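Colleague: Let's see this in three dimensions:
(chains A and B)
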Amino acid sequence: MGWNSRLKMPNPGLDQRVLSHAQLEKLEVEEAGERPKWDNKAQYMLTCVGFCVGLGNVWRFPYLCQSHGGGAFMIPFLILLVLEGIPLLHLEFAIGQRLRRGSIGVWSSINPYMLGVGIASMCVSLLVSLYYNTIIAWVLWYFFNSFQEPLPWSQCPVNVNRTGLEWECESSSPVDYFWYRNTLNITSAIDEPGGLQWWMVLCLISAWAVLYVCCIRGIETTGKAVYVTSTLPYVVLTIFLIRGLTLKGSISGIKFLFTPDLDELSNPATWLDAGAQVFYSFSLAFGGLISFSSYNSVHNNCEQDAVIISIINAFTSIFAATVIYTIIGFRATQRYDDCLAGNILTLINMFDLPEKSIDDSNYASSLSHLNSTYPAIISNLQLKTCNLNTFLTEGVEGTGLAFIVFTEAITKMPLAPLWSVLFFIMLFCLGLSSMFGNIEGVLVPLQDLKVFPKSWSKEAISGVTCLVCCCIGLIFVQGSGNYWLALFDSFAGSIPLLITGFCEMVGVVYVYGIDRFNEDLKFMIGHKPNIFWQSTWRVISPLIMLVIFLFYFATTISKELFYISWDPESVTFPTLKQKPYPVWIYIIIFLLAGVPSLAVPGAALFRAIWKRYC
Amino acid sequence: HFCFILLWCYTLNVPGSKGSPLSVGAGPALLTCCNVTDGYKVRLSIKTALGDDAYEWSKSELFLFRAVLAFAVQRKTNNVNYDVSNILVCDETERVSFWFVVTTPDNTSELLPKLVVENAIRENRHRINSAFLLTDQTLDFVGINPTLAAPIEYDTPPWLIVFGVVMGVVCAGIVALLVSTFLQKKRAKKPSADPVDDEDGSGSIAGNGILCESIGDKDGTYNQGFTDDDRFTKL
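Modeller: Model (predicted):
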């Protein structure tokens, strides 16, 4: 497309900032470069897969799938995967491999005014690292508590006088109580800090310690760790699939998940959620992927890598969704059976009918017969309505899925501690492998910005970074920590990433120059990228990113912001209560979303001013 | 409340209810039947508890119940001699539920107070349950709630033990890696006086594709991943 080359922005001095093809070839042959290298291709692939496949595949995708028309959701998801995910992934791999720098180095090589994009990536990686490791700390807490029978979240504790069960637990459920009281010790509002919870501080320290030991020497150590952290989740998912399929009710769960509702395709929210899920699920715009691919050899086939990793990511999402829903189907069926058994018991007790005279099959007919004969008594009994679909749709997203719904399902399985240990090890590995990418996106820019003195070793730098992050992360282990985490998750990890992703595409295609980029790819992998890549890079993917960003921005600033809180004193307890954010939180929100986003134009502006007056 | 129950007992034709007073032994049986102020209702859910191994409720089972209850009351009242005939049962239903009252051994028209009966049952609940292979939920004395089991007390919470193990392993790992880095640096600092025999026997030490001689007297290898190349980062 010739007309597009003329759309390239003027970019003087580019040749001085990047290594030429000849220099790269020389570097490759002589191995004279001192940049760290992957021991083998498998390490690189496992690290990238581990970074992309994270907790979102397990607890966000299944929920989206089920709530947006089940099997029909695959259509927008796969379409947007191909049009948005794969091109962006290929772009990041290629630019990292070509320019052989971390995110800050890459963007300042392309154009010094684009340094802001690198800084935005670093800020987002930092903010996400802070709260993501807290989630891992929660997973560790549950893991530590899984080594006992019966599991602590399977029964309510007795209250102080030993006259009955703890009130808060009795009105909600043992799993809710264990999560909100024993784990988080949550306060009822975000402005009530509640103090540091010592057990969570210990878990946070252990999470950062494990991360430190894996990242202590950069990819030299993470490359070994990923052999376990990237493969173990698949093993555990398979075990759970086999176990799940043998449980009663699992098939109803899978049916519920995949039953297609094609009407959902006409709902724009479905496409938006699919696009956002693809984008976040690939961990794009964090800078970690650019960094990882910069350690590759120059002639590595990044095109093939991008396609393979995308396929693996999509497959993992669908596989994990299936596994999760077999277990959810089991839990829902258990709850339904318990509900029905409770009603049947009430009926046979009231009317002194023999046991087993009413069972699941004739419940409806018996109830209607009794209702017609003794309507007053039946209405006084206040029988609960048992609906399987209600149980299937309950709270199946995010931390609620992992720490409430799934843990409850596990308590109903035989050998519960074993399944609990396996599940939380899987979550831990998923989270940890994503953290490797996040930390890479923080450490390498910090080197490039020369924040640390040159004499400091790798170990010291990663140590100090982990320590500082651990200390800042203490916000999330106080009483109101969960509300802060939700805040960070909604605002730090959403809008800035979309902006950065869009700027990345525009930067490579129009500032670096698509023609130059095509030549680079020809040099690296041997052939020019075909029409699919050209069209997606130049037009389709940036357009999709822009649309998603505008929609997100519009919906965020137009509505009043709420958070849901666990308030034992509210009337609607145990349903979570919606509360508006206090005014000063809006400042924090602006800082979280605004600072990284504004770094993009801000750095350019700063450089322009500095150049003028220095 | 009392009147309603009485009415219920004698007039309501509920399906499955035998309604006939059953009492063995001397005394004004009809009068003591369904005298609910001092009596308790019992419900047994045998099929729920035992499934396929469930036994049929029969006269013998009822006899066992009365005997066990007599045992419980006798134990409670410090071995005053209670007999099976002191336990009066009535209003048996197909549900397997019935009312019972306990009469005093000396005077069969006098009933044991509710509280005494309740305490007797509470203290011997486990024995009563085991006699019928049932649990607190499936052998239901209406009005007597099961006492809650004492929570399991641990000296050290199990999670702390696992935490200790994990942290121990992690700290050992960190120390090992730091020590190995330190030793590597020391070895690299030493001038290549003796050609050391390593794996490839080439007589020179190579690490990560970089020959040690090329490093010379520099302080370890300089990793370009953490480069401070001024060309690229000067704003």
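
Colleague: and the longest helix for the chain?
Modeller: No chain was given, so I picked chain A. If each helix of chain A is counted by residues according to DSSP state H, the longest one is helix A:302-351.

Colleague: To clarify, I was referring to chain B.
Modeller: The longest helix of chain B (DSSP H) is helix B:158-189.

Colleague: related to what we said a few turns ago, please name every helix or strand in contact with the helix or strand just after the longest helix of chain A.
Modeller: Helices and strands here follow DSSP states H and E; after helix A:302-351, the next one along the chain is helix A:363-373. Counting contacts by 3 or more CB pairs under 8 Å, 6 or more residues apart in numbering or on different chains; DSSP states H and E, the secondary-structure elements packed against helix A:363-373 are helix A:302-351, helix A:375-381. All C-beta atoms are positioned from the backbone trio N, CA, C, and that covers glycine.

Colleague: Give me every residue in the stretch 351-500 of chain A lying close to chain B.
Modeller: Residues of the stretch 351-500 of chain A lying close to chain B by CB under 8 Å from any CB of the partner chain are A:351-356, A:444, A:447-450, A:454-455, A:457-459, A:461.

Colleague: oh sorry, the question was meant for the stretch 151-300 of chain A
Modeller: Selection of the stretch 151-300 of chain A residues close to chain B by CB under 8 Å from any CB yields A:157-158, A:162, A:164-165, A:199, A:202-203, A:205-206, A:209-210, A:212-213, A:216-218, A:221, A:295.

Colleague: Kindly recompute the last result at 6 Å.
Modeller: Where proximity means CB under 6 Å from any CB of the partner chain, the interface of the stretch 151-300 of chain A facing chain B comprises A:157, A:158, A:206, A:209, A:210, A:213, A:216.

Colleague: next structured bit after the helix or strand where residue B:89 lies?
Modeller: Remark: residue B:89 resides in strand B:87-90, with elements defined by DSSP H and E. From strand B:87-90 onward toward the C-terminus, using DSSP H and E, the following helix or strand is strand B:97-102.

Colleague: tell me what the longest helix of chain A is packed against?
Modeller: helix A:41-52, helix A:55-59, helix A:61-67, helix A:86-99, helix A:232-245, helix A:250-258, helix A:388-393, helix A:406-411 (3 or more CB pairs under 6 Å, 6 or more residues apart in numbering or on different chains; DSSP states H and E).

Colleague: Any chance you could list what contacts the shortest one?
Modeller: Going back to what we said before, that points to helix A:55-59. A:281, A:316, A:317, A:320, A:398, A:401, A:402, A:430, A:431 (CB atoms under 6 Å, 6 or more residues apart in numbering or on different chains).

Colleague: One more: the last one?
Modeller: Helix A:406-411 is contacted by residues A:151, A:153, A:154, A:175, A:327, A:330, A:331, A:416, A:419, A:420 when judged by CB under 6 Å, 6+ apart.

Colleague: Next one, pLDDT for the residue of the stretch 101-250 of chain A found nearest chain B please.
Modeller: Ranked by CB to the nearest CB, the top residue of the stretch 101-250 of chain A for proximity to chain B is residue A:144, at 3.8 Å. Turning to residue A:144, the model gives it a pLDDT of 96.

Colleague: neighbours of the nearest residue to it once chain neighbours are set aside, just the number please.
Modeller: Distances taken as CB to CB, 6 or more residues apart in numbering or on different chains place residue B:159 nearest to residue A:144, at 3.8 Å, with adjacent residues excluded. Counted by other CB atoms under 10 Å in any protein chain shown, the residues lying close to residue B:159 total 22.

Colleague: Following the chain onward from the helix or strand of chain B with the lowest mean pLDDT, which element is next?
Modeller: Comparing every helix and strand of chain B by mean pLDDT, DSSP states H and E singles out helix B:29-32 as the least confident one, with a mean of 40. Counting by DSSP H and E, the element after helix B:29-32 in chain order, helix or strand, is strand B:40-44.

Colleague: Show me what that following strand packs onto, helices and strands only.
Modeller: Contacts of strand B:40-44 with other secondary structure elements, assessed using 3+ CB pairs under 6 Å, 6+ apart, are made with strand B:97-102, strand B:139-142.

Colleague: could you check the angle helix B:158-189 makes with the helix or strand harbouring residue A:430?
Modeller: Taking DSSP H and E as the criterion, the element that holds residue A:430 is helix A:416-448. Helix A:416-448 runs at 40 degrees relative to helix B:158-189, counting by axes from the mean of the first three to the mean of the last three CA atoms, to 10 degrees.

Colleague: Tell me where the model's unsure across chain A.
Modeller: Within chain A, the ranges that satisfy pLDDT under 70 run A:1-6, A:31-33, A:395-396.

Colleague: Then chain B?
Modeller: B:1-36, B:150, B:191-235.

Colleague: For residue A:71, see how far away residue A:389 is.
Modeller: Using CB to CB, to the nearest Å, we find residue A:389 at a distance of 17 Å from residue A:71.

Colleague: about what we covered before: is it true that the residue of the stretch 101-250 of chain A closest to chain B touches residue B:157?
Modeller: No: between residue A:144 and residue B:157 there is no contact under CB atoms under 6 Å: 9.0 Å.

Colleague: Tell me which of the two has more neighbours.
Modeller: When neighbours are counted by other CB under 10 Å, residue A:144 and residue B:157 differ, and residue A:144 comes out ahead with 25 against 14.

Colleague: wait, what's in contact with the more buried one?
Modeller: Counted by CB under 6 Å, 6+ apart, residue A:144 has contacts B:159, B:162, B:163.

Colleague: List just the nearest of those residues to residue A:606.
Modeller: Minimum separation from residue A:606 among the contacts of residue A:144 (CB to CB) is found for residue B:163, which lies at 45.9 Å.

Colleague: Can you tell me how far the closest one is from chain A?
Modeller: When CB to the nearest CB, to the nearest Å is applied, the distance between residue B:163 and chain A equals 5 Å.

Colleague: Count the neighbours of that residue for me.
Modeller: Using other CB under 10 Å, residue B:163 is surrounded by 21 other residues.

Colleague: And for residue A:147?
Modeller: Close neighbours of residue A:147, defined as other CB under 10 Å, add up to 15.

Colleague: for residue A:444, same thing?
Modeller: Neighbouring residues of residue A:444 were enumerated by other CB under 10 Å; the total is 27.

Colleague: Next up, the contacts around the closest residue to it other than its chain neighbours.
Modeller: In space, and not counting its chain neighbours, residue A:444 is closest to residue A:102: 3.3 Å by CB to CB, 6+ apart. By CB under 6 Å, 6+ apart, residue A:102 lies in contact with A:291, A:444, A:445, A:448.

Colleague: Go ahead and confirm the last one touches residue A:105.
Modeller: Pointing back at residue A:448 there. Yes: between residue A:448 and residue A:105 a contact is recorded at 5.0 Å, counting by CB under 6 Å.
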